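Trainee: Give me a model of this one.
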Amino acid sequence: MDEQIIANLATRYTRFAEMEVHGRSPSYEALARGVAGDREVLSFLMTLPKDKRQPNLLLAAMRHLFGTSLDWDHFRRTLLINPDPVRSVMLTRSTQTNEPARCATLLPVLARLPQPLALIEVGASAGLCLLPDFYGYDYARTQIRPATIETEPPVFTCRVSETTPVPTAMPEIVWRAGLDLNPLDAADPAQAEWLKTLVWTEQTARLAQLRAALKIAAVRKPRVMKGDLLGDRLQQLCREAPKSATLVIFHTAVLAYVADQAKRQAFADQVMLLCQYWVSNEAPSVFPEAASRARGRGAPGRFLLCVNGAPVAWTDPHGVALEWIAWPDRITANQGPNAG
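Mentor: A predicted model of the protein is given here:
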């Protein structure tokens with residue numbers, strides 16, 4: 001067994017404990033640190049494909065099968081006694097977290113673009129982030145509520161820097177669609193339950209918000225097409241968008257799953273030709289060139305929000321904070337299919 005790969009995997013779980021769940025989920029932090037220091041559990045993970053070894057996926061699979069683990073010893077014992085069912089869940093499921101609170105960090109950008117909008121989300125999962133105008137937002141100095149309320153909406157609280165152009169009204173969204181390798185149906189109890197399982201333990205408020213967003217999606221039924229981000233389905237969706245609207249393609253926490261940097265760049269090059277505005281909300285390592293141009297470094301674990309490749313804000317991965325960078329003068333509409 002490659003010792004360097006084992007060491008890298010241990011580092012991955014340590015980083016997850018220190019940079020992602022620290023201060024958010026004490027039990028997940030303890031379990032991730034336990035995995036990082038346990039040769040036998042790391043060896044189990046090595047039996048899985050590289051893209052199936054994520055901390056989120058392991059922890060969710062264990063909760064899905066056996067409920068919440070009491071402590072590390074209980075978690076370890078349960079896993080090593082039941083490796084086959086855990087492996088099966090990890091091979092057939094994916095970490096389609098679909099965090100609707102990220103809409104709070106997307107809204108200042110969406111509201112700033114020429115209205116009305118046509119939205120396409122890449123990596124849409126159940127389409128929860130395609131419904132930003134059906135949620136409520138609390139930016140401390142400004143609160144926004146949806147015009148249409150069919151069921152009680154979640155209200156996402158987001159701490160923003162003083163220079164953030166906080167919107168005072170919802171963007172006007174006249175058309176929306178998504179693309180995903182494995183679209184989920186919010187109205188399907190089993191699929192909705194998996195999304196709930198992906199919420200970290202102790203995050204009761206986040207779970208309540210997800211439940212509220214799932215109820216809205218079950219009613220609104222946002223269209224999510226099955227397809228790969230580099231396939232022709234994205235082009236098809238772009239052709240279907242109304243010409244009278246500003247076409248926006250966006251994604252958040254998606255391209256980290258595309259390991260090949262050349263493929264990420266190919267996607268970026270394609271998107272810039274397909275739409276007028278491309279909104280990317282990803283870890284700064286996903287597009288290093290854009291990150292090198294961003295002012296400041298952002299807090300550890302933050303995402304970098306970019307518009308047409310230009311950095312505009314540092315964002316919390318779960319949408320609870322935004323630090324505005326700037327709106328560069330050079331951000332203009334691409335000459336996509338809906339231009340002019």
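Trainee: Tell me if I am right that P311 is in a strand.
Mentor: Yes: with DSSP: H, G, I helix; E, B strand; the rest coil as the criterion, P311 is assigned to a strand.
Trainee: right, and it touches L304 too?
Mentor: Yes: counting by Cβ atoms under 8 Å, P311 does reach L304; the two are 5.7 Å apart. Where you see a C-beta, it was placed from the backbone N, CA and C, and this is true even at glycine.
Trainee: Can you pull the residues that touch both of these two?
Mentor: Common neighbours of P311 and L304, using Cβ atoms under 8 Å, 6 or more residues apart in numbering, are 290-291, 294.
Trainee: Need the contact partners of the lowest-mean-pLDDT helix or strand in the chain.
Mentor: Across the helices and strands of the chain, mean pLDDT, DSSP states H and E gives its lowest value to helix 288-292, namely a mean of 90. Residues from elsewhere that reach helix 288-292 (Cβ under 8 Å, 6+ apart): 280, 284-285, 304, 306, 309-311.
Trainee: mind running it again at 7 Å?
Mentor: Contacts to helix 288-292, defined as Cβ atoms under 7 Å, 6 or more residues apart in numbering, come from residues 284, 304, 306, 309, 311.
Trainee: The fourth one: how many residues sit nearby?
Mentor: If I follow you right, that is G309. Burial measure for G309: 17 neighbouring residues, criterion other Cβ atoms under 10 Å.
Trainee: now the first one
Mentor: Using other Cβ under 10 Å, the number of residues around P284 comes to 18.
Trainee: same check, this time on the last one
Mentor: Per other Cβ under 10 Å, the neighbour tally for P311 reads 23.
Trainee: For it, which non-adjacent residue is spatially closest?
Mentor: Leaving aside its sequence neighbours, P311 sits nearest to A294 (Cβ to Cβ, 6 or more residues apart in numbering; 3.8 Å).
Trainee: same thing with the third one?
Mentor: Here the nearest residue to C306 in space, its sequence neighbours aside, is S280; by Cβ to Cβ, 6+ apart that works out to 4.6 Å.
Trainee: gap between the longest helix along the chain and the chain center?
Mentor: Longest helix in the chain, counting residues (DSSP state H): helix 204-220. Chain-centre distance of helix 204-220: 15 Å, with Cα atoms, centre = their mean, to the nearest Å.
Trainee: Which elements pack onto it?
Mentor: helix 189-197 (3 or more Cβ pairs under 7 Å, 6 or more residues apart in numbering; DSSP states H and E).
Trainee: Let's see the helix it packs on as CSV, backbone CA atoms only.
Mentor: Output of helix 189-197 as CSV, limited to C-alpha atoms (Å, rounded to 0.1, in the frame of the first residue of the first chain):
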residue,chain,number,x,y,z
PRO,A,189,-38.7,11.2,0.8
ALA,A,190,-35.7,8.9,0.4
GLN,A,191,-33.7,11.4,-1.7
ALA,A,192,-34.6,14.3,0.7
GLU,A,193,-33.6,12.2,3.6
TRP,A,194,-30.1,11.7,2.2
LEU,A,195,-29.7,15.4,1.8
LYS,A,196,-30.7,15.9,5.4
THR,A,197,-28.1,13.2,6.4
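Trainee: Mind listing what's buried along it?
Mentor: For helix 189-197, burial by neighbour count (16 or more other Cβ atoms under 10 Å) applies to 191-192, 194-195, 197.
Trainee: which regions of the stretch 1-150 of the chain sit below the pLDDT cut-off?
Mentor: For the stretch 1-150 of the chain, applying pLDDT under 70 flags the ranges 1.
Trainee: which ones are touching S94?
Mentor: S94 sits in contact with N182, where contact means Cβ under 7 Å, 6+ apart.
Trainee: Next one: it relative to L181, how far apart?
Mentor: S94 is 8 Å from L181, where distance means Cβ to Cβ, to the nearest Å.
Trainee: Quick one: the strands in this structure, in order.
Mentor: In the chain, the segments counted as strands under DSSP state E are 117-122, 136-138, 143-144, 155-157, 159-160, 173-180, 224-226, 246-252, 277-282, 303-307, 310-315, 321-324.
Trainee: Make CSV from those and add distance to A32 to it.
Mentor: Output for the strands of the chain, formatted as CSV (distance: least, Cβ to Cβ, whole Å):
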stretch, distance to A32
strand 117-122, 28
strand 136-138, 30
strand 143-144, 35
strand 155-157, 26
strand 159-160, 25
strand 173-180, 27
strand 224-226, 30
strand 246-252, 22
strand 277-282, 22
strand 303-307, 20
strand 310-315, 23
strand 321-324, 22
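Trainee: Looking at these, which is nearest to R53?
Mentor: strand 277-282 (20.0 Å; Cβ to Cβ).
Trainee: so P132 makes contact with C103?
Mentor: Yes: between P132 and C103 there is a contact under Cβ atoms under 7 Å: 3.9 Å.
Trainee: Now list whatever residues contact both of those two.
Mentor: With Cβ under 7 Å, 6+ apart, P132 and C103 have no common neighbours.
Trainee: picking that back up, can you tell which of the strands of the chain is closest to E20?
Mentor: Of all those, strand 303-307 sits nearest to E20, with 11.6 Å by Cβ to Cβ.
Trainee: List of residues touching that closest one?
Mentor: Contacts for strand 303-307 (Cβ under 7 Å, 6+ apart): 105, 109, 277, 279-284, 287, 290-291, 294, 298, 311-315, 317, 331.
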